[in-house]
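Sharing a model prediction with you, sequence too.
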Amino acid sequence: MPSDLRTRVVSGTFWFGANRLWTQAISWASTLILARLLTPAEYGLVAMAVSVVTVMRLLQEYGLGVAIVQRKHLSAEQINAIFWTYVSISAAFTVVAFFVALPAAAFYHEPRLTWVVRILSLTFLANAVGTVPYSLLTKAIDLRRRSFAESAAALSSSAFTLAFAFLGYGFWALVAGQLVSAIVRNMALWYFSGWTPGRHTTFEGMGALFRFGLTVAGTSGINQLNNVVQTAVVGRALGSQALGYYAEALLLGYDNPAQRLTTSVINQVSLPVFSELQDDLPSLQHYFLRISKYLALVVLPVQAGIALVAHDAVRVVLGVKWLPIASLLQILTLGATLTVLQLPVAPLLTSRGKPYIAFRLSLWTAVAVTGGMLCGVSFGVVGVMVAVTVVASARRMWMLVVALRELQLPVTSYLRNIQSSLAATALMAVAVWGVGVMFGHSLAVTRLIAQISAGAAVYGISILVGDRSVSSDVRVLAASILTPKAQNA
């Protein structure tokens, strides 16, 4: 990796990760508080509205933001054209959403849904304004300024959501939080990017750009549509309470602080770096393996830990009313693990000009997931979770194999790369299970603290003893961050 690129990656990752760490901790803490203030049915109501808005957002998204990052050369006029295209289409969809809200409420047999959908549709305009600034900051790997914008949004959203919930506004607290987050985030992105749109536009050469963007957007759209189908099936067949359990399990399984931080960092760094190195196969191999190693270091113990302590964790943190999600969390851990381990795959294929591979796999997966859910729904929300996890996990494993073929890397090289994490996670699991047996008759909170402490200690020691390169990499990271400062002094 070129030294300048390495400096930008390390510095950007450090600042982005540090900001995300504390803001996500606050956001997740507010989520736990809200779980005690709101009911599963209120969460389910907002999940229904989000599913409607998401369907319309699929039509709004053209993948042009990703194209800005992937393309090495774009004129100012082309970027202006992308911006005004987004704004015009988003304004139209905001109007359409006002009328779609009524049939959506009728579909779910929930009249309160009408104005929830209409208010959430305002996020179309907010996101359109921030798409180009976001993409330009990402392309420059300027994650420091971009993270400030996202931190401001997370903090503002948490403050408004908690305030509305404490004042007794129920599900409107969740609606207010989403709207505030979109407005603050995109205003801040505009400010920190320093970019303003011009009146001069050109669509010359934009045909290829649109085709590329639509393929990327198609993949994202199919994945989001999968989520909408899940919401529709569970909400329609099993009701708002079951949907609330399902949505909260997904939130805790996929969006816990450690996983959200890891996912955010990888998503924001991988595409601009892979795009800059798209013709340098040795550098791509090196970077892919390194990022996969550290993904495994974080993800494997977190997901195994969630599965082992799910029942006690839900009882202590969320309360008895949420206990039905414990089994859902345990099922979800397999899918969540593979979700994060294959995170670099889509950016890799996109940077190499092959987004159509991910699109095709997503299309087939959507069909399989829908069929699986229709079969699983007769077994309740657990049946739906099992069906979705099995199908999605198979797709993610295949995506990983495709990426290794693209990089000309054997599977054995990938497994050797993460073997220290696999071994340490196995030892951790034994320790957590053993402590759980020892404290079997203790209070749930006592048992939970003992298991988490033992698991963290065993995993940390196992990694330090079994993989000396980790401590060496930490020293290199610190030196890479401090050296530019020393040079600029």
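Perfect, I can see it now.

hey, where'd the helices end up in the stretch 301-450 of the chain?
With DSSP state H, counting those that start in this stretch as the criterion, the stretch 301-450 of the chain has helices at 325-341, 345-351, 355-376, 380-406, 411-417, 419-438, 444-466.

Tell me which of the ones you listed lies nearest to Thr196.
helix 345-351 (27.5 Å; CB to CB). Every C-beta, even on glycine, is put in place using the N, C-alpha and C of the backbone.

I'd like to know which of the helices of the stretch 301-450 of the chain is closest to Asn19.
helix 325-341 (19.9 Å).

what inclination does that closest one have with respect to helix 419-438?
Going by axes from the mean of the first three to the mean of the last three CA atoms, to 10 degrees, helix 325-341 is angled at 170 degrees with respect to helix 419-438.

Report the distance from helix 325-341 to the chain centre.
Between the centre of helix 325-341 and the centre of its chain there are 14 Å (CA atoms, centre = their mean, to the nearest Å).

could I get that helix in CSV with only the CA atoms?
Output in CSV follows, covering the C-alpha atoms of helix 325-341 (Å, rounded to 0.1, in the frame of the first residue of the first chain):
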residue,chain,number,x,y,z
ILE,A,325,-36.0,-12.5,22.0
ALA,A,326,-33.3,-14.5,23.8
SER,A,327,-33.8,-17.6,21.5
LEU,A,328,-34.0,-15.3,18.5
LEU,A,329,-30.6,-13.8,19.4
GLN,A,330,-29.0,-17.2,19.7
ILE,A,331,-30.3,-18.2,16.2
LEU,A,332,-29.1,-14.9,14.8
THR,A,333,-25.5,-15.2,16.0
LEU,A,334,-24.5,-17.5,13.1
GLY,A,335,-25.9,-15.2,10.5
ALA,A,336,-24.5,-12.1,12.1
THR,A,337,-21.0,-13.6,12.3
LEU,A,338,-21.0,-14.3,8.5
THR,A,339,-22.5,-11.0,7.8
VAL,A,340,-19.5,-9.1,9.2
LEU,A,341,-16.8,-11.6,8.1
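
what helices or strands is it leaning on?
helix 240-254, helix 257-276, helix 281-317, helix 380-406 (3 or more CB pairs under 8 Å, 6 or more residues apart in numbering; DSSP states H and E).

care to break the protein down by domain?
Following the assignment in automatic domain parsing, the chain carries domains at 3-417, 418-489.

The last one: how far from the chain's middle?
The reference is to domain 418-489. Centre-to-centre, domain 418-489 and its host chain are 23 Å apart (CA atoms, centre = their mean).

swap in stretch 319-333?
20 Å.

For that stretch, which residues meet the burial criterion?
322, 324-333 (16 or more other CB atoms under 10 Å).

Tell me which of the helices and strands packed on helix 325-341 sits nearest to Ser442.
So among those, helix 281-317 is nearest, using CB to CB, at 10.0 Å.

which strands and helices sit next to that closest one?
With 3+ CB pairs under 8 Å, 6+ apart as the test, helix 281-317 has helix 257-276, helix 325-341, helix 411-417, helix 419-438, helix 444-466 packed against it.

can you list the residues that contact the third one?
It refers to helix 411-417. 289, 292-293, 400-401, 404, 422 (CB atoms under 8 Å, 6 or more residues apart in numbering).

top of those by neighbour count?
Using other CB atoms under 10 Å as the neighbour criterion, Ser292 leads those with 24 neighbours.

Just to check, that residue is in contact with Leu341?
Yes. Look at Ser292 against Leu341 with CB atoms under 8 Å: they come within range, at 6.9 Å.

Quick check: which element contains Val66?
helix 64-70 (DSSP states H and E).

quick revisit: columns pLDDT and distance to Asp312 on top of the contacts of helix 411-417, output as CSV?
CSV is the format used below for those (pLDDT from 0 to 100; distance: CB to CB, whole Å):
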residue, pLDDT, distance to Asp312
Leu289, 88, 36
Ser292, 85, 31
Lys293, 86, 31
Leu400, 88, 32
Val401, 89, 36
Leu404, 91, 38
Leu422, 90, 25
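
Could you single out the most deeply buried of the domains of the chain?
domain 3-417 (a mean of 19; mean count of other CB atoms under 10 Å).

low pLDDT regions in the stretch 201-350 of the chain?
254-264, 267-268, 336, 339-340 (pLDDT under 70).

show me what contacts the nearest residue to Val69 once chain neighbours are set aside?
Closest residue to Val69 apart from its sequence neighbours, by CB to CB, 6 or more residues apart in numbering: Lys139 at 4.7 Å. With contact taken as CB under 8 Å, 6+ apart, Lys139 is in contact with 68-69, 272, 275.
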